[in-house]
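In: Predicted model and sequence below, questions to follow.
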Amino acid sequence: MAESSKPRRYDSPRRRSQAAATRAAILDAALRLFAERGYAKTSMTAIAAESGVAVKTVYLVFASKRGLLLALWHLLLRGDEEPVPVGERPWFLEVVNEPDPERLLRLNARNSRVVKERAGTLLEILRGAAPGDSELQNLWRRIEKEFYDNQRAIAEQLHQTGALKAGLDADRGADILWTLNHPSVYAMLVGDRGWTPQQYEEWLGDAFCAQLL
């Protein structure tokens, strides 16, 4: 039998490592430029130059500037590029599986601080750019929906265990969590008022407990 003429796909740990390093360099460069210039004024050419790769490489890896932005969001939200949603991450499951209501809410405040330290800058970039771009508007709505759904899961847990304050149900509890935990609150307190992330976490945990328990 004649051997297939189809070329073999060459792969190696070294090549995978190089590809991962290139991807990380592009993402780092994009975040810096988005923060300095804004999303609309940052070109793929500029991102390529900042990351030290060809423009073609940026397009091959991410297809478009919006694709790059989405990849950057997933990385900063989740902490890595594994395709595991927030609701299945150990740091989120630790919250919903915590039996003590106050500790549950303070763990949620900790997660809020950690995520916003990683992604707060990008969230503000997205929120500012969304009104002028319909696709970014859709992305922002999707982010807010996913964020609300995650807070809703926490409110449901408190409701099911009877921990919510009298007069609150899961819907109202989710609304309160979503509002207090919203990225704009972090931006105002840490970005505008100069709070430290730790001060934000402590205040948020106190506010969660005062409003919900």
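Out: Yep, it's here. Residues are numbered from 1 along each chain as shown.

In: Against Ala40, how distant is Leu180?
Out: In this view, Leu180 and Ala40 are 31 Å apart by CB to CB, to the nearest Å. (Glycine included, C-beta is placed from N, CA and C.)

In: Looking at the two, which has the bigger crowd around it?
Out: Leu180 (19 against 13; other CB atoms under 10 Å).

In: Scan this structure for its longest helix.
Out: Criterion DSSP state H: the longest helix present in the chain is helix 101-129.

In: starting at the chain centroid, how far to it?
Out: Computed by CA atoms, centre = their mean, to the nearest Å, the chain-centroid distance of helix 101-129 equals 8 Å.

In: got it, and stretch 194-204?
Out: 19 Å.

In: Then stretch 43-54?
Out: So, by CA atoms, centre = their mean, the centroid of stretch 43-54 is 23 Å from its chain's centroid.

In: Using CSV, write down the CA coordinates of it.
Out: The C-alpha coordinates for stretch 43-54 follow below in CSV (Å, rounded to 0.1, in the frame of the first residue of the first chain):
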residue,chain,number,x,y,z
SER,A,43,-5.0,49.2,15.7
MET,A,44,-3.9,45.6,15.1
THR,A,45,-0.8,47.0,13.5
ALA,A,46,0.0,48.9,16.7
ILE,A,47,-0.6,45.8,18.8
ALA,A,48,1.7,43.8,16.5
ALA,A,49,4.5,46.4,16.8
GLU,A,50,4.1,46.5,20.6
SER,A,51,4.3,42.7,21.0
GLY,A,52,7.1,42.3,18.5
VAL,A,53,5.3,40.1,16.0
ALA,A,54,4.0,40.5,12.4
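
In: May I see the buried residues of it?
Out: 44, 46-48, 50-51, 53 (16 or more other CB atoms under 10 Å).
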